[in-house]
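Student: Sequence and predicted model, in that order:
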Amino acid sequence: MSSYFWAQNKSNRPDLLCGQPADYLVEEKHFTTLVCFIVVLGGLLKMCLKNSEVTVLTILSLLGFVIGQMAYSSVEVHQIVYPLLRTSSFSLYSYFSPLIIFMVALDVDFYILKNMFWQVLLTGLISFSTASIILGYVVIKFNKASWDLQSCLLFSITLGITDPLRSVNSLKTIGISKMYIDLIRGESLIICSITSVFLGNFRGNGIRFSIFRDLHVGIGLSLDILGSIIFGYWCAKIIRCILADVFSNMLTNIILCFSMVYMTFYIVELLGMSGTLALVAVGLNLDSLTFKPKIEFVITKFLRIFSCVYEHLIYTFFGIVIGCGELDHYDFYTITFIVILFTTVNLVRLLTILLVSPILMHSSYEYNWRWGVVITWSGIKGVFNLLLAPDIYNLAEQKVEVPEMFILYVQVISLLTMGINSYVMTQSARKLDLCVLSLPRQMALQNATQHIQEIVQNTITLSKAEKILTNVNWTLVEDKTRIEYIPSSHVSHKDMKKESTTDEALIEEARLHVATIQMSSFEKQRNNGILEIEAARILIGAAKCYYSIQGKFMSIYDVSTYMRTRSWLMKFKTVLTFLEYRKEKIHFIPPESNAFLTFIFHIVFSEEFEYTGQIINLIYIYPMIIHLWPMARDLNVSALISINYYFMFLYVLESTLKIIILKRKYFRQYWNTLEFFILVIGIIDIFCVYFVKLRPDNLALIQLTVIMGYLRIIRFLPLFKIIVPILISIADVQIKKRLSLMYSITKGYIKSQEDAKLLIKQISIHESIYQKLYEILETNKQDAVKELGLIEHEGRDVVIALKTKQAIRNVIAKALKNLTFLCSRGIIDKHESTEINKVILLDSICIIPQPSWREIEKNSKLACFDYGDIICKGGEMPQGIYLIISGMAILYSLSPTFGIESSQRPDRKSRDMFTEFCTTGDIIGELNCLLKREIEYTVICETSLQACFISLEDLYEGFDAFWPSLEYKIWLKLALSTAYQYFESSLIDEDLSFQKCVMFNQAYVETLSSYNEMTIDNMTMKFVIIVYGSVIDTKTEEPYFAPCIIPTTCEQVQGTSDLSKLLIIQASELTQRNSNTNSTLVFKQPGDNITGRQKMR
């Protein structure tokens, strides 16, 4: 079953690609020059004819035909092209096809193909079958050349292939759904794989059609397919491991990736399987998460360049092969037969789509007759048909007189389908409104365009303040940079006014946006080192699975397929724990006068006794093998009977000794019960053998004895108790892996929900739609938070290890980012950067000083709560703070007051209920302890919970003695949390991590008492956010209540509450320099009355 060219028989292997030898002494020269000329000419034609790739290929084919004619009549030209003519067809296929197959498979979305696998497989099989039968019949009926049946069928198989490279290129440029693009490409890959398997068997062993009746050939084909897929899967695993190294070199990775593609193809072919199918498996198992962003871009560019160059070479080479033949064989009927073939190819495609349409309509709610029309024209032929065309002549039993005709028909049909089918397919998609953007989609794009225009306008406003740009014609700049939403030419506007946008349509469109945002968030988290690659791959796969389900928002329970796996593992571990052998030592005091019982007691409870029983079971393996082997059993009947008596005696002795000591407790252990059952079966077996000797003519007794003999195999079941502890440890490891993966998945899902809420707010049109989306996303987020708490409670050690691993990845990512920055600024050169990249020392990274947690641990105690326990109740005075270690609690309260009396805010007459989940790392009661005020919420345990409790007295003693800056840091943490909770959209461009605010003072907290004033300076203060209390504008006396961003028109504020806290975000140096050039954006420096910040320092 071999298809590799090294093993081909020399007598069967064709010398020439076109089947015609040279009648002179050949001197191979200048062929490399010809190849370079074709590459350069193809590039120039592609540059001049950008939108007409078919024209380029047609010109190159005609050029090749002219060169072939010159070679036919000129020895000098024939010597140049002779290395091509002498190349075997499979060698040519092996040079060009691997890279193209890999590129096509890599571009197919694995998750979409996985969801539609059976539909794609059936479509491919039906297409392959119908093309082979109908095209074969047409060729036999209408071809006037004397082609035998085998040549006709091979020609129909070759011509029936749909080229995966060209079949969807025209659809990708007009915005067709990715699902249908992958459907067509998946079908093409299946047809290519099936064809390669069949032709591979022809090449290797010269299989003829009559042999296909044998069953072993079908089994061999199945093993070929299965082996190719398995080999491709493991090669993809190897490529992933190569690319997974954090400090790997980009150039090395690219070289290894390309070399692995060819090596995989050649090794699989060498093993007698399909290299094409193996590369399909490799490409499908690699996705965007496998590559780093830069490497993926470079590899994709290289693949496109090489595939384009290969395509130009292939069409030119086969043009040369056709031209090397005689022109006498080409007549008017050749053109007629080409038209017949072209018509038949499209009719076969139409018949295939009619047959598979019921399947596609059942699997996709979007599929209809219009999609069927478009897919009908997707049967485009290309390079794979050409590469396999020479095999028609080489593999056929009866050699035809003009082998070039096979290549001519395939090449002309491929060019016709590229030109005509591609054009008709594109126009059909446009005329049938398959490229039309729905009205909700247009509204979302228009809103996004307006948002971008606002950003551009803000940038222009800031740029006007720069001195170097004072002479710019800003009116012209604003005119040229104005962005207006203009729908594409293929967007239909008829019935636009009649179309009504219902809430369901808008929500459905928003759902698709949310799924896209989530997938982008997962990839970003993976690139930033927050999310593990396996977790990101599962999340993206789940998002793509639910993307096509109308009205379905993906929840954490939809993602949790591994939860079921974990549940199965837990049940499996429970069963193993139940089966685990435990030797319980009973309280047995033997009589002083009975030394025999004392001796037996020491024997039964010794380790040697257990080992002896296990060794006996192992030794019996050899007699059992002899018993199951008929020939050996007939030769050793008496010996087997004697050995059986001996082993049964040992079993009886073992059980007797245990029963003497354990008595009734013997049967409490399940393994002892099993051993006793085996003993009873063995005794019955002995009696059966004895009675057979007495009555050898009793057929029923003989049959029972045979059955009892086979039941001796149950004597090996006690050996399983040796394996049970090993299986338990393996199950524990797998459960921890699943917990770790599920924790990472849940964390990534929560972050994606936050990103989706933020971005949907930016492009939302109707407030009612935004509120519905917000409620859905918030509900899904709370479910994920609850699930996260359960995971943390179930596997605390796993969560700690995972957080440590994530912290290490974050540190490495930040170190590499800093290294890239230093290299880009010229501070270190590339060689030094490469060396530092290899030996990044984690201990050289600056560690942020933290409070002495030993003191905290000494002054704290561990508090444990069960499900339903109340940690603290609203209206009570705080006793201290709780730092949650594991578990989850729910916080119930009215909307927070932020230190404002109800009399001060007449606009807020009623307060809504507020619910929040608290998990590991959250702190309960810190604000009330800082203010020494009553608690405004009730916290109830949702799971068993452990928390570190620090009393109020110890906390304030720590403020004074150990951590003088801790109080300020708690206020800063609260202020940042409040600001991001209420003003995340305004602070999206700010990097306000707690560590940076502490180290670099990017944001700080100011304290204002009642009637104290503070001057606001917009030159140094970018945002002033009141996070607690209230203030008024001293100039206009307009009040501002927390939480609120104080507008830039306010120059000075005065506190109106007993305590007011303001978060001040400092402006960058660039913004300060810009502000110096425009007095309208400048405010005065802070006055001397601002002392809170200095005190906090």
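Tutor: Perfect, thanks for sending it.
Student: so what's the spatially closest residue to residue 303 that is not a sequence neighbour up against?
Tutor: Spatially, and ignoring its direct neighbours in sequence, residue 303 is nearest to residue 103 (4.1 Å; C-beta to C-beta, 6 or more residues apart in numbering). Placement of C-beta: from N, CA and C, glycine included. If you count contacts by C-beta atoms under 8 Å, 6 or more residues apart in numbering, residue 103 has them with 165, 283, 303-304, 307.
Student: where's residue 103, which helix or strand?
Tutor: helix 89-107 (DSSP states H and E).
Student: Name the next helix or strand downstream of that helix, please.
Tutor: Next along from helix 89-107, by DSSP H and E: helix 110-115.
Student: and residue 404, what does it touch?
Tutor: Residues near residue 404 by C-beta under 8 Å, 6+ apart: 18, 321-322, 324-325, 329.
Student: Where does pLDDT dip in the stretch 951-1097 of the chain?
Tutor: Where the stretch 951-1097 of the chain drops to pLDDT under 70, the residues are 960-964, 989, 994-996, 998-1000, 1068-1097.
Student: Mind naming the longest helix for this structure?
Tutor: helix 720-763 (DSSP state H).
Student: following it, which helix or strand shows up next?
Tutor: helix 767-794.
Student: list the buried ones in that following helix?
Tutor: For helix 767-794, a neighbour-count test (16 or more other C-beta atoms under 10 Å) marks 769-770, 773, 776-777, 780-794 as buried.
Student: want to try a markdown table for the contacts of residue 404, with secondary structure and pLDDT as columns?
Tutor: Listed next are those as a markdown table, based on DSSP: H, G, I helix; E, B strand; the rest coil; pLDDT from 0 to 100:
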| residue | secondary structure | pLDDT |
| --- | --- | --- |
| 18 | coil | 53 |
| 321 | helix | 89 |
| 322 | helix | 89 |
| 324 | coil | 84 |
| 325 | coil | 78 |
| 329 | helix | 77 |
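Student: burial of residue 391, as a residue count?
Tutor: Neighbour count for residue 391, taken as other C-beta atoms under 10 Å: 22.
Student: for the one 5 residues further on, same thing?
Tutor: Under the neighbour criterion other C-beta under 10 Å, residue 396 is assigned a count of 21.
Student: I'd like to know how far the closest residue to it other than its chain neighbours sits from residue 136.
Tutor: Nearest residue to residue 396, sequence neighbours excluded (C-beta to C-beta, 6+ apart): residue 151, at 4.3 Å. Relative to residue 136, residue 151 is positioned 10 Å away (C-beta to C-beta, to the nearest Å).
Student: swap in residue 758?
Tutor: To residue 136, residue 758 is 60 Å away according to C-beta to C-beta.
Student: and the two? which has more neighbours close in?
Tutor: residue 136 (20 against 13).
Student: who are the neighbours in contact with that one?
Tutor: 152-153, 155-156.
Student: which SSE is it in?
Tutor: Going by DSSP H and E, residue 136 is part of helix 117-142.
Student: quick one: buried residues of that helix?
Tutor: Buried residues in helix 117-142, defined by neighbour count with 16+ other C-beta under 10 Å: 119-120, 122-124, 126-128, 130-132, 134-136, 138-140.
Student: if you skip the residues just before and after it, what's nearest to residue 560?
Tutor: Excluding its sequence neighbours, the residue lying closest to residue 560 (C-beta to C-beta, 6+ apart) is residue 742, at 6.7 Å.
Student: Quick one, grab the pLDDT at that neighbour.
Tutor: pLDDT recorded at residue 742 is 82.
Student: name the element residue 938 belongs to?
Tutor: For residue 938, the element it lies in under DSSP H and E is strand 937-941.
Student: quick one: whatever helix or strand comes next after that strand to strand 937-941, angle?
Tutor: Remark: after strand 937-941, the chain's next helix or strand is strand 945-951, criterion DSSP H and E. Taking axes from the mean of the first three to the mean of the last three C-alpha atoms, to 10 degrees, strand 945-951 and strand 937-941 form an angle of 140 degrees between their directions.
Student: Can you give the strand pairings for strand 945-951, parallel or anti for each?
Tutor: Strand 945-951 sits in its sheet next to strand 861-865 (antiparallel), strand 880-886 (antiparallel), going by DSSP bridges.
Student: and among those, the most buried is which?
Tutor: Mean neighbour count (mean count of other C-beta atoms under 10 Å) peaks for strand 880-886 among the strands paired with strand 945-951, with a mean of 21.
Student: how far is that strand from where the chain is centred?
Tutor: In terms of C-alpha atoms, centre = their mean, to the nearest Å, the centre of strand 880-886 is found 36 Å from the chain centre.
Student: Need the CA coordinates for the helix or strand just after that strand. CSV is fine.
Tutor: Note on strand 880-886: by DSSP H and E, the next helix or strand toward the C-terminus is strand 889-894. Output of strand 889-894 as CSV, limited to C-alpha atoms (Å, rounded to 0.1, in the frame of the first residue of the first chain):
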residue,chain,number,x,y,z
ALA,A,889,-20.0,34.7,49.7
ILE,A,890,-22.8,36.9,48.4
LEU,A,891,-23.1,40.5,49.5
TYR,A,892,-26.7,41.9,49.7
SER,A,893,-27.3,45.6,50.1
LEU,A,894,-29.0,48.7,48.9
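Student: outside of strand 889-894, which residues touch it?
Tutor: Residues outside strand 889-894 that contact it (C-beta under 8 Å, 6+ apart): 865, 871, 874, 911-918, 924, 936-942, 945.
Student: Now do the domain split for this protein, please.
Tutor: As assigned by the TED database, the chain contains the domains 16-84, 92-214+235-254+284-366+379-432, 856-962, 964-1067.
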